[in-house]
Structures are given as C-alpha cells and as structure tokens.
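>>> just to be clear, the model below is a prediction. Sequence and coordinates:
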Amino acid sequence: MIAALIFLMCVAQAGDLFAIKELQQTSVAPLAVRKTADNDYFIDFGRDAFGWLQLEINAPTDGDLTVRLGEKLQDGKIDSKPGGSIRFAEVKLAYQAGRRNYRVITPSDRRNTSGSSGAILPPKELGVVLPFRYAEILHWPGEFAAKDATQIMVHYPFDDSASSFRCSDDRLVKVWDLCKYTIKATSFLGIYVDGDRERIPYEGDAYINQLSHYGVDAEVSMARRTHEHLIRKPTWPTEWKQLSVFMAYQDWMYSGDSMSIRRNWDELKNKKVFSSRARADGLIDTQGLRDIVDWPARDGYVMSPINTVVNAHHYRSLLYMAEMGRAIGKEEDAKVFERDAAQMLVAFNEKLFDPATGLYLDGEGINHSSMHANFFPLAFGLVPDSRKPSVIAYLKSRGMACSVYTAQYLLEGLFENGEAEAALALMASGGECSWLHMLEFGSTLTTEAWDRKIKPNLDWNHAWGSAPANIIPRYVLGVRPLDPGFTKAIVAPQLGKLAYAEGVVPTVLGGVGVKARAGKIEVDVPRGMTAVVVVPGTTRRIEIGSGQHMIPE
C-alpha cells in the first residue's frame with residue numbers, strides 16, 4: 001500500500017503532462033520471517049527496493065539491538081562482505097520500553113551521496129535510502145512477528161496494472177517481470193540514474209531506461225526530466241551525447257508533445273549531432289573525443305577516428321533530426337539532415353564494409369569485425385538487404401557476446417530484421433550472459449553487468465540492463481507509435497517459436513491490449529488511436545480504429 005507522499009519536485013514544463021510528480025512510499029510486508037537463534041530473526045521481503053526498514057516493536061525494557069540490511073545472501077545469512085557495489089549495512093538501534101515505531105537509519109555512502117561527485121541527491125526530507133531485500137534483527141529479547149517489520153520502498157508514481165505480459169515460455173515471463181520491477185524500483189530519485197554505485201544520470205543508461213519505462217507504464221514526465229537534465233549536463237562518451245537526439249525523438253513520439261524539441265533545438269543541432277566533424281564524404285571523425293562503443297567489454301573492438309559504431313549513431317541521429325525538424329517547422333534544417341544522411345550512408349557502406357567476410361569493420365582501415373560493428377548498423381538501418389544474410393548469420397553465431405547495455409541494440413537489430421526466433425532465444429537463455437542468470441545469483445533487479453567476473457564493482461540495481469522491458473512490448477507484442485502521441489500505432493507481434501503471447505502495452509491514450517497466435521490476433525485499441533495490425537506469421541496488414549477487434553473474425 002502507498003503509505004505517504006514525501007516531497008514535490010517542481011520544474012517548469014509544458015502542461016500538466018510533464019509536471020514532475022511526488023515520490024511515493026510503499027509499505028512492503030515480509031515474504032518470510034524466521035527465528036535463527038534465541039534472540040535473532042531473519043526477514044526476507046522478496047525483492048530488492050530502495051528505502052529503509054521500519055520496525056514496530058514492543059520492548060520489555062530499554063535496550064539496544066543490531067540491525068543488518070543487505071541485498072545478497074551467503075549460506076542463508078546476509079552477506080556482510082558482498083563485494084563490488086552490492087549493499088550491506090549494520091547499525092545499532094536503541095529502543096525504549098513499550099510498543100514504539102522505529103525507522104532504521106543507515107549511514108550514507110560517500111560514493112553516491114556527495115554533491116561534488118555528480119550524484120543526484122535525495123531530498124533532505126527523505127533521508128538516507130538504501131537498496132535491500134533482507135534484514136536481520138539480532139539481540140532482540142522480545143517476541144517478533146512479520147507484522148513488526150516493513151520495508152518502506154521509495155519510488156516515482158508507478159501503475160503496476162498499466163502493463164502486463166504472458167506467453168507460452170515461462171522463462172520469458174520471468175525476464176519480463178524482472179525488468180518491469182527494475183523500472184519501478186530504480187525510480188527512487190525521480191530521475192534516471194546509473195544504479196546505486198554512482199547515482200549519476202548518463203545518456204546511455206537513460207535512453208534504455210526511457211524506452212523501458214514507456215514499455216511498462218504510461219509515464220512520460222520522468223523521461224523528459226532526465227533528458228533535459230542531460231542536455232544541460234552531458235556526460236563524456238561520444239555516442240551518449242548522440243543519444244540525446246534519440247531521447248528527444250522518443251519523448252516526442254511517446255508523448256505527442258514537441259515542446260521539448262522546440263526548446264532544445266539549437267542544443268540538439270549544434271552539440272549532439274557532430275555534423276561539424278563530418279568529412280567531405282559525410283563520415284564523422286571523432287579523433288580527440290572519447291568514444292565508448294560498449295562497457296565494460298567490447299568484443300575486441302578496435303577504436304579508430306572513423307569509428308563504425310559512432311557513425312552508425314550519427315546516421316540515425318540525422319534521420320531523427322530531419323523528422324523532428326519538419327515537425328517544428330525547421331524545413332531547411334530537415335533538408336540538410338536528410339541530405340547528409342543519404343551521403344554518409346553511401347560512404348559508410350563503401351568504406352566500413354569488408355566484402356571478403358561480408359561483415360562491417362570496426363572502423364576505416366581496421367582489419368577487425370566485432371559484433372558491435374555489425375549489430376549497430378543493423379539496428380539503425382544502414383545494412384542493405386543484400387548484406388543482411390552475412391551480418392545476421394554472424395550475429396546469430398556469437399550469442400550474447402556484448403554487455404547488458406548493448407544487448408538493447410543487438411535485440412533491436414534482430415527483431416527489426418525478422419529474426420524473432422534468435423532474439424527470443426537470447427532473452428530466454430540461461431547462460432552466464434543472460435537475464436535468468438541475474439535471478440540465479442540472487443538479484444531481483446537487473447544488474448550492471450552479466451556477472452561479477454565481467455565487472456567486479458558491479459551493482460545489483462542498474463536499469464540499463466532492462467532491455468526486455470521495452471523489447472517485449474515493442475516487438476514481441478509489436479506495439480510502437482507510428483505518429484507522435486500514439487494517434488497512429490503499429491501492432492505487429494513477432495512470436496518466433498512462441499505458441500502465443502498476450503498483454504497490455506501502455507500509452508498516453510490508454511493501454512493497447514494484444515492477444516496473438518500464429519495467424520490470429522485480438523487487439524483492443526484505445527479511443528483516439530488508429531492502428532496498423534500485422535497478423536502474426538503473415539504479411540497481412542489491416543488498419544483498424546478504436547475498440548476491440550479479432551482478426552480474422
């Protein structure tokens with residue numbers, strides 16, 4: 001239940017749709033409580049959450065007890081040395097005789113609560129919030145029951161009923177649930193941050209968080225707040241500055257409001273597109289900048305001034321800028337962006353492709369082809385039809401040889417090119433580089449990396465690992481906006497080997513209900529929306545209006 005509203009973050013935005021909302025506190029009861037010794041108790045709240053432990057205890061006398069909070073277990077107890085940035089805290093709590101309420105106040109962590117570090121600070125009224133799933137009460141002389149402990153979860157307003165997903169593969173449903181809950185749980189600051197390790201907004205994290213948030217709740221204000229924060233305070237990677245254009249585009253398409261584009265057009269045009277670095281052939285030279293490609297592992301990617309991944313981002317940015325420019329009356333700018341995109345597409349395919357292997361190279365003059373040099377061009381529409389078979393075959397042969405971050409673009413590339421079976425297999429796989437592996441080693445939120453072996457200082461609450469929360473509604477259920485604000489949508493489920501998939505995809509106009517099987521689909525379209533429906537397993541396209549539709553009837 002929602003126990004309280006804690007504070008109001010005020011920002012000037014266009015219309016009530018973008019008013020920043022109050023953070024909420026939700027009271028979570030224990031999933032299990034057990035006595036572990038004469039005066040010791042273990043509590044499991046079922047899932048990780050940012051917040052604090054609230055105790056209501058009836059003490060026979062004055063005294064003190066020890067409280068431990070943590071995210072990870074070791075031999076059935078909270079791991080006091082979990083490693084990396086996985087959290088553990090231990091505090092002494094002084095209590096008084098009688099029944100009283102106590103908030104367990106944990107120490108702040110200087111790594112992510114120092115204003116000088118760039119971390120987003122919680123409001124003073126909120127106090128310290130810590131991610132934890134488990135609690136231990138030690139040296140408590142009285143009786144202790146489940147009703148005596150509450151996990152107070154802090155989060156942005158979230159409608160759990162706004163989205164749903166079921167299908168014939170239970171593994172995929174588990175992955176969906178993991179990623180959906182991650183979006184709610186990591187919203188505790190009212191702005192997208194990179195997890196608990198730093199609590200800093202980054203464009204690379206925020207773009208995936210944005211798409212995933214749209215996929216699980218009809219909420220657009222937090223994404224816009226984050227996007228406009230990052231326009232003012234960009235981070236260092238080259239591609240992540242480019243992602244501000246992606247964020248602007250998706251904000252417009254999902255909200256239907258172009259005000260942010262109008263307000264930030266010059267910033268986007270002059271600081272996020274990098275056209276000033278274009279050569280005569282249209283390819284951009286990023287020498288002296290800090291390209292990132294992926295993090296922490298890059299599949300052996302070889303950096304160079306003419307970087308394939310950066311140029312793939314540039315191409316997609318040009319297309320988005322052209323479309324947004326026309327929407328706000330910047331016709332001349334739009335023409336220039338379209339011209340530049342067409343020019344660089346030719347150069348990209350002439351100078352960054354190896355005919356001998358049928359693969360894209362990491363950069364101009366580089367004799368190496370990584371996954372990233374191939375799935376980014378595939379996802380962003382740079383690969384001609386004649387080259388897709390070799391590129392797709394290579395990607396399918398490599399599995400998930402990329403990070404949780406760039407898994408977003410690998411999956412997009414596969415679904416955008418009709419490879420649903422391969423994409424679904426990756427999302428439902430159980431290997432080391434998988435979402436099910438996160439659940440296996442004990443996290444209930446998506447993690448910063450696939451495993452501690454890959455990133456020793458990882459945290460267990462990183463929403464940049466939540467790609468299935470947007471990939472499933474956008475491609476498995478197939479619901480995406482064709483016009484800004486979902487006045488027109490496409491519903492094109494891609495089932496692969498799934499016997500069925502069904503769910504609700506949230507939009508600003510209401511939820512789109514989808515029940516899909518091969519050759520059959522039921523769609524519930526909200527008022528104010530039209531939809532182009534592609535019947536699963538066919539090329540049949542039907543345009544429908546609002547209401548419930550069964551195809552074929």
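Perfect, thanks for sending it. Not measured: the values here are computed from a predicted model. Numbering: from 1, shown residues only.

>>> ok, and the closest non-adjacent residue to residue 477?
In this structure, residue 477 finds its nearest non-sequential neighbour in residue 514, 4.7 Å apart by Cβ to Cβ, 6 or more residues apart in numbering. Every residue, glycine included, has its C-beta placed from N, CA and C.

>>> which residues touch that neighbour?
477-479, 491, 493, 501-505, 521-524 (Cβ atoms under 8 Å, 6 or more residues apart in numbering).

>>> swap the cut-off to 10 Å and go again
By Cβ atoms under 10 Å, 6 or more residues apart in numbering, residue 514 lies in contact with 165, 473, 476-479, 491-493, 501-505, 521-525, 533, 536.

>>> just residue 376 next, same as before
By Cβ under 10 Å, 6+ apart, the neighbours of residue 376 are 239, 293-294, 308-313, 315-316, 360, 370, 382-383, 406, 409-410, 412-413.

>>> kindly recompute the last result at 7 Å.
309, 312, 409 (Cβ atoms under 7 Å, 6 or more residues apart in numbering).

>>> element containing the last one?
Element membership for residue 409 (DSSP states H and E) is helix 407-416.

>>> from the contact counts, what lies against that helix?
Applying 3 or more Cβ pairs under 7 Å, 6 or more residues apart in numbering; DSSP states H and E, one finds that helix 407-416 makes contact with helix 372-379, helix 420-427.

>>> looking at these, which is closest to residue 137?
Closest to residue 137 of the helices and strands packed on helix 407-416 is helix 420-427 (Cβ to Cβ; 38.7 Å).

>>> where in the stretch 1-150 of the chain is pLDDT low?
1-20, 114-116 (pLDDT under 70).

>>> do that again at 80, thanks
Residue ranges of the stretch 1-150 of the chain with pLDDT under 80: 1-20, 110-117.

>>> can you give me the strands for it?
2-5, 24-28, 32-37, 40-59, 63-70, 73-74, 77-78, 88-95, 98-104, 130-138, 149-155 (DSSP state E, counting those that start in this stretch).

>>> now do the buried residues in the longest one.
Yep, that's strand 40-59 we're talking about. 40-43, 45, 47-55, 57, 59 (16 or more other Cβ atoms under 10 Å).

>>> next, format the strands of the stretch 1-150 of the chain as JSON lines and append distance to residue 436.
Formatted as JSON lines, those follow (distance: least, Cβ to Cβ, whole Å):
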{"stretch": "strand 2-5", "distance to residue 436": "31"}
{"stretch": "strand 24-28", "distance to residue 436": "24"}
{"stretch": "strand 32-37", "distance to residue 436": "23"}
{"stretch": "strand 40-59", "distance to residue 436": "16"}
{"stretch": "strand 63-70", "distance to residue 436": "22"}
{"stretch": "strand 73-74", "distance to residue 436": "18"}
{"stretch": "strand 77-78", "distance to residue 436": "24"}
{"stretch": "strand 88-95", "distance to residue 436": "25"}
{"stretch": "strand 98-104", "distance to residue 436": "32"}
{"stretch": "strand 130-138", "distance to residue 436": "18"}
{"stretch": "strand 149-155", "distance to residue 436": "24"}
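
>>> out of those, nearest to residue 268?
Of all those, strand 149-155 comes closest under Cβ to Cβ, at 30.0 Å.

>>> note down every partner strand of that closest one and its orientation.
Counting by DSSP bridges, the strands paired with strand 149-155 are strand 24-28 (antiparallel), strand 40-59 (antiparallel).

>>> pull up the distance across stretch 159-170, start to finish.
23 Å (Cα to Cα, to the nearest Å).

>>> cool, stretch 93-109 as well?
19 Å.

>>> helices of the protein, residue ranges please.
In the chain, the segments counted as helices under DSSP state H are 170-185, 203-216, 221-232, 238-255, 259-267, 308-327, 331-351, 372-379, 388-398, 407-416, 420-427, 435-440, 468-471.

>>> quick one: end-to-end distance for stretch 273-285.
With Cα to Cα, one end of stretch 273-285 sits 12 Å from the other.

>>> residues contacting that stretch, please?
Contacts for stretch 273-285 (Cβ under 7 Å, 6+ apart): 242, 245, 286, 305-306, 310-311, 314, 317-318, 321, 340, 343-344, 347-348, 351.

>>> ok, stretch 120-130 next?
So stretch 120-130 is contacted by 6-7, 50-52, 69, 87, 89, 105-106, 108, 113, 115, 154, 188-189, 191, 193, 199, 201 (Cβ under 7 Å, 6+ apart).

>>> again, only this time at 6 Å
Here stretch 120-130 makes contact (Cβ atoms under 6 Å, 6 or more residues apart in numbering) with 6-7, 50-51, 87, 89, 106, 108, 115, 154, 188-189, 191, 193, 199.

>>> so where's the chain shaky on pLDDT?
1-20, 110-117, 553.

>>> domains of this protein?
24-155, 160-172+201-422, 489-551 (automatic domain parsing).

>>> quick check: which of those domains is buried the most?
domain 160-172+201-422 (a mean of 20; mean count of other Cβ atoms under 10 Å).

>>> quick one: distance of it to the chain centre.
Using Cα atoms, centre = their mean, to the nearest Å, the mean C-alpha position of domain 160-172+201-422 is found 15 Å from that of the whole chain.

>>> about what we covered before: I'd like the helices and strands packed on helix 407-416 as CSV, with distance to residue 553 appended.
Shown next, in CSV, are these (distance: least, Cβ to Cβ, whole Å):
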stretch, distance to residue 553
helix 372-379, 36
helix 420-427, 26
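
>>> please name whichever of these is nearest to residue 132.
Per Cβ to Cβ, nearest to residue 132 of the helices and strands packed on helix 407-416: helix 420-427, 27.8 Å.

>>> helices and strands around the closest one, which ones?
Packed against helix 420-427 by the contact rule (3 or more Cβ pairs under 6 Å, 6 or more residues apart in numbering; DSSP states H and E) you find helix 407-416.

>>> contact partners of the helix it packs on?
In contact with helix 407-416 (Cβ under 6 Å, 6+ apart) are residues 208, 375, 376, 378, 379, 402, 422, 423, 467, 471, 475, 494.

>>> wait, isn't residue 199 in contact with residue 118?
No. Counting by Cβ atoms under 6 Å, residue 199 sits too far from residue 118 to count as a contact (8.8 Å).

>>> quick one, what contacts the most centrally placed residue in the chain?
When Cα atoms, centre = their mean is applied to the chain, the residue found nearest the centroid is residue 209 (2.9 Å). If you count contacts by Cβ under 6 Å, 6+ apart, residue 209 has them with 192, 463.

>>> and it, how far is that from residue 247?
According to Cβ to Cβ, to the nearest Å, residue 209 stands 10 Å off from residue 247.
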